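Q: Below: sequence and its predicted model.
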Amino acid sequence: MARRVRLARRSLIDSFDAAVGDGVEALVRLHHHRRLERVGWGEAFEAVGDLWTSGSPPPRAGNELEIVVDGADALPRIAAELERAESSVHIAGWYLSTEFAVVREEERVVLIDLLGELAQRVDVRVLLWAGAPLPLFRPSRSDVREVRERLARVGVQVGLDSRERPLHCHHEKVVVVDERVAFAGGIDLTSYSGDRYDSSGHPYRSALGWHDATALVEGPVVADLAEHFRLRWREVTGEALEPGASVSGAGKHELQVVRTIPEHVYDAWPRGEFRILEAYVRAFRAAERLIYIESQFLWSSELVELLADKLRRPPSDDFRLVVVLPAHPQSGGDATRGQLGVLAEADGGAGRFLACSLYARDGAESCPIYVHAKIGIVDDRWLTIGSANLNEHSLFNDTEVNLVTCDEAVARQTRERLWAEHLELSPAAVSGDPLQLVEEHWKPISAEQSERRRRGEPLTHRLVRLPGTSHRSRSLLGPLESLVVDG
């Protein structure tokens with residue numbers, strides 16, 4: 001009898017929790033729709049058809065593109081391109097650590113030494129978020145001013161961008177060298193909150209493991225990234241920078257720069273820009289067999305609603321949704337768990353949805369690998385990589401920069417590269433049918449490791465299944481925060 005009472009009480013709580021969650025999320029979605037409609041961006045929610053976003057900058061043909069995964073590969077590549085600079089270096093970031101070592105294998109190269117040396121022969125400009133105005137949050141305004149003072153002493157010109165929406169930031173991570181080559185992705189040049197310098201083997205270490213990615217590009221799309229930096233630099237410092245020489249075609253890939261820029265932040269963008277949201281909406285609606293996501297956060301109610309609809313009404317029997325997230329995100333953990341519960345409920349036990357995280361291990365010891373990459377791949381025919389997470393901050397309120405390509409070879413090769421890392425298999429072993437790989441590798445490996453963690457046994461693999469929860473009252477913190485601070 002007592003057990004039946006407890007079950008009935010739990011059922012009542014679950015029903016109430018789900019009703020409250022659905023109501024608040026609907027309210028948040030309505031708020032975002034009305035906000036974007038006021039500034040002429042309502043179509044971002046309704047985009048269908050073409051996988052390229054509308055407007056400017058358009059897709060650019062003739063680019064070289066390389067997806068560089070994890071800091072131990074990416075950071076030395078960034079350093080090498082910086083060292084080749086002949087005229088200018090432009091860096092836009094969320095934060096920067098002057099003592100961060102970007103090369104560590106043979107000769108150790110520290111960021112401030114590298115930038116200081118470059119500043120003796122080329123123009124070096126760094127544009128950073130000015131930091132949190134309230135000392136309760138980090139990095140604070142004083143933290144960032146100290147970084148500016150250090151860089152200024154070695155000849156680097158620094159702009160601090162305080163034109164953020166309340167409780168939000170400038171989150172993009174872009175490096176442009178000579179307007180010849182650029183990097184755009186998720187990797188910050190900092191050790192703040194975690195050391196980004198981790199290899200794709202992710203050996204167990206005392207520091208938190210870190211999984212990340214960036215794109216190295218050459219060709220006409222570099223001019224779009226450079227122009228974005230110039231416009232922000234002018235808005236922040238008042239200095240108008242001359243554009244570099246026009247960039248000719250350097251490769252065979254078509255790429256598009258897409259951004260989040262909140263309205264009423266910059267004079268040059270009074271209506272803002274919300275094309276990262278539009279890009280994801282287009283791709284998710286068009287998905288037929290596979291949506292693969294790596295993100296630090298997954299609590300955008302708008303995108304989760306689209307994903308849940310795909311699970312309730314799958315476009316094919318083979319459709320799968322696979323997401324890789326941090327086990328313990330630095331914020332929004334309850335929000336992400338709640339949205340995983342929404343997706344699990346929409347899946348209804350059909351086995352089309354899988355959420356996993358990554359762990360480093362050494363014998364009986366294991367530690368989470370922080371998933372900081374921001375990558376979306378749909379049907380091996382659409383890919384985006386950049387700075388934007390799948391949360392309200394990145395889609396509506398922070399400044400963000402992503403790249404999009406509809407190059408099927410790039411999308412497939414990137415997925416296979418990532419899956420080989422996560423499944424600890426050779427590239428040849430992950431070159432087959434994605435559905436078969438999900439069913440025969442992703443699901444059994446992640447389930448076994450999750451059970452090992454539950455029993456307190458040592459892990460034998462990197463991939464661990466993440467639990468979802470249908471209890472969403474705590475998951476509303478993210479959407480409610482967005483509703484409060486959006487205005």
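A: Arrived safely, thanks for sending. Not measured: the values here are computed from a predicted model.

Q: From now on I want contacts and neighbour counts done on CA atoms only, so please keep to that.
A: OK.

Q: Work out which residue lies at the spatial centre of the protein.
A: Closest to where the C-alpha atoms of the chain average out (C-alpha atoms, centre = their mean) is Lys374, at 2.5 Å.

Q: Now that residue. Nearest residue, chain neighbours left out?
A: Spatially, and ignoring its direct neighbours in sequence, Lys374 is nearest to Ser295 (4.7 Å; C-alpha to C-alpha, 6 or more residues apart in numbering).

Q: again with Val69
A: Per C-alpha to C-alpha, 6+ apart, closest to Val69 is Ala213, 4.3 Å.

Q: can you check Val217 too?
A: Nearest residue to Val217, sequence neighbours excluded (C-alpha to C-alpha, 6+ apart): Leu65, at 4.7 Å.

Q: Now do the SS call for the one you found.
A: Leu65 carries the three-state label strand when classified by DSSP: H, G, I helix; E, B strand; the rest coil.

Q: right, and the residue nearest to Val69 touches Ala74 too?
A: Yes: between Ala213 and Ala74 there is a contact at 7.4 Å, judged by C-alpha atoms under 8 Å.

Q: Touching both of those two, which residues are there?
A: Between them, Ala213 and Ala74 share these contacting residues under C-alpha atoms under 8 Å, 6 or more residues apart in numbering: Val68.

Q: ok but His31 is inside a helix, no?
A: Yes: with three-state DSSP as the criterion, His31 is part of a helix.

Q: what separates it from Gly42, distance-wise?
A: 11 Å (C-alpha to C-alpha, to the nearest Å).

Q: give the contact list for the residue nearest to Lys374.
A: The contact partners of Ser295, by C-alpha under 8 Å, 6+ apart, come to 323-326, 371-375, 389-390.

Q: for Ala245, same thing?
A: Ala245 touches Glu179, counting by C-alpha under 8 Å, 6+ apart.

Q: Now do the same for it: helix, strand or coil?
A: Ala245 is classified as coil under three-state DSSP.

Q: Got phi/psi on it?
A: Main-chain torsions, Ala245, degrees, to the nearest 10: phi -60, psi 150.

Q: Next, the buried residues of stretch 347-359.
A: 347, 352-359 (16 or more other C-alpha atoms under 10 Å).

Q: Outline the domain layout of the chain.
A: With domains defined by automatic domain parsing, the chain comprises 22-55+258-486, 65-245.

Q: ok, back up a step: quick check: the residue nearest to Val217 touching Thr214?
A: No: with contact defined as C-alpha under 8 Å, Leu65 does not count as touching Thr214 (10.4 Å).

Q: Comparing those two, which residue is more hemmed in?
A: Taking other C-alpha atoms under 10 Å, Leu65 and Thr214 do not tie; Thr214 has more neighbours (30 against 21).

Q: Ramachandran angles for the closest residue to Asp178 other than its chain neighbours?
A: Take Asp178 and drop its neighbours on the chain: the residue closest to it by C-alpha to C-alpha, 6+ apart is Ser88, 4.9 Å away. When read as degrees, to the nearest 10, the backbone of Ser88 gives phi -160, psi 150.

Q: for Leu403, same thing?
A: phi -110, psi 150.

Q: circling back to that earlier point, identify the residues contacting the residue nearest to the centre of the chain.
A: Counted by C-alpha under 8 Å, 6+ apart, Lys374 has contacts 185-186, 212-213, 293-296, 385-389.

Q: if you set the cut-off to 7 Å instead, what comes out?
A: Applying C-alpha atoms under 7 Å, 6 or more residues apart in numbering to Lys374 gives the contacts 186, 294-296, 385-389.

Q: Then Leu160?
A: 127-130.

Q: Repeat the analysis, applying 8 Å as the threshold.
A: 127-130, 144, 236.

Q: tell me the SS of it?
A: Taking three-state DSSP, the label given to Leu160 is strand.

Q: Pretty sure Val89 sits in a strand.
A: Yes: according to three-state DSSP, Val89 belongs to a strand.

Q: Would you mind measuring from it to Arg121?
A: Taken as C-alpha to C-alpha, the span from Val89 to Arg121 is 11 Å.

Q: So for those two, which sits in the more crowded spot?
A: Ranked by neighbour count (other C-alpha under 10 Å), Val89 and Arg121 place Val89 first, with 24 against 12.

Q: So in terms of bridging, what pairs with the more buried one?
A: Val89 has these beta-bridge partners by DSSP bridges: Val124, Val177.

Q: Let me know whether it touches Gln120 as I believe.
A: No: Val89 is not in contact with Gln120 according to C-alpha under 8 Å; the separation is 11.9 Å.

Q: Contacts made by the helix or strand hosting Arg452 with the rest, please.
A: Using DSSP states H and E, the element containing Arg452 is helix 443-455. Residues outside helix 443-455 that contact it (C-alpha under 8 Å, 6+ apart) are 354, 356, 458-461, 463-466.

Q: Swap in 10 Å and give it another go.
A: For helix 443-455, the surrounding residues in contact (C-alpha atoms under 10 Å, 6 or more residues apart in numbering) are 351, 353-359, 366, 423, 437-439, 456-467.

Q: Okay, now the sheet partners of the next helix-or-strand element following it, with direction.
A: Counting by DSSP H and E, the element after helix 443-455 in chain order, helix or strand, is strand 463-465. Paired strands of strand 463-465, with direction, are strand 353-362 (antiparallel) (DSSP bridges).

Q: now the strand it pairs with against helix 443-455, angle please.
A: 60 degrees (axes from the mean of the first three to the mean of the last three C-alpha atoms, to 10 degrees).

Q: Only alpha carbons, please: show strand 353-362 as PDB.
A: What follows is strand 353-362, C-alpha atoms only, in PDB (Å, rounded to 0.1, in the frame of the first residue of the first chain):
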ATOM      1  CA  PHE A 353      18.200   9.100 -29.500                       C
ATOM      2  CA  LEU A 354      21.500   8.700 -27.700                       C
ATOM      3  CA  ALA A 355      23.300  11.200 -25.500                       C
ATOM      4  CA  CYS A 356      26.900  10.500 -24.400                       C
ATOM      5  CA  SER A 357      29.900  12.100 -22.600                       C
ATOM      6  CA  LEU A 358      33.600  11.400 -22.600                       C
ATOM      7  CA  TYR A 359      36.000  10.300 -19.900                       C
ATOM      8  CA  ALA A 360      39.700  10.000 -19.600                       C
ATOM      9  CA  ARG A 361      40.900   6.900 -17.700                       C
ATOM     10  CA  ASP A 362      44.000   5.300 -16.200                       C
END
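
Q: What pairs with the helix or strand following it, parallel or antiparallel?
A: Using DSSP H and E, the helix or strand that follows strand 353-362 in sequence is strand 365-371. Paired neighbours of strand 365-371 in the sheet (DSSP bridges): strand 209-211 (parallel), strand 353-362 (antiparallel).

Q: Which among those is found nearest to Arg232?
A: Of all these, strand 209-211 sits nearest to Arg232, with 28.6 Å by C-alpha to C-alpha.

Q: How are the helices of this protein distributed by residue range?
A: 2-38, 71-83, 111-119, 141-153, 221-237, 275-286, 301-312, 333-347, 392, 408-423, 434-437, 443-455, 477-486 (DSSP state H).

Q: what pLDDT, on average, does the third one get?
A: Same thing as helix 111-119. Confidence for helix 111-119, expressed as mean pLDDT, is 98.

Q: packing partners for that helix?
A: Secondary-structure packing of helix 111-119 (3 or more C-alpha pairs under 10 Å, 6 or more residues apart in numbering; DSSP states H and E): helix 71-83, strand 88-93, strand 101-103, strand 123-129, helix 141-153.

Q: Quick one: residues in contact with it.
A: For helix 111-119, contacts defined as C-alpha under 10 Å, 6+ apart pick out 79, 82-89, 96-103, 122-126, 147, 150-157, 189-190.
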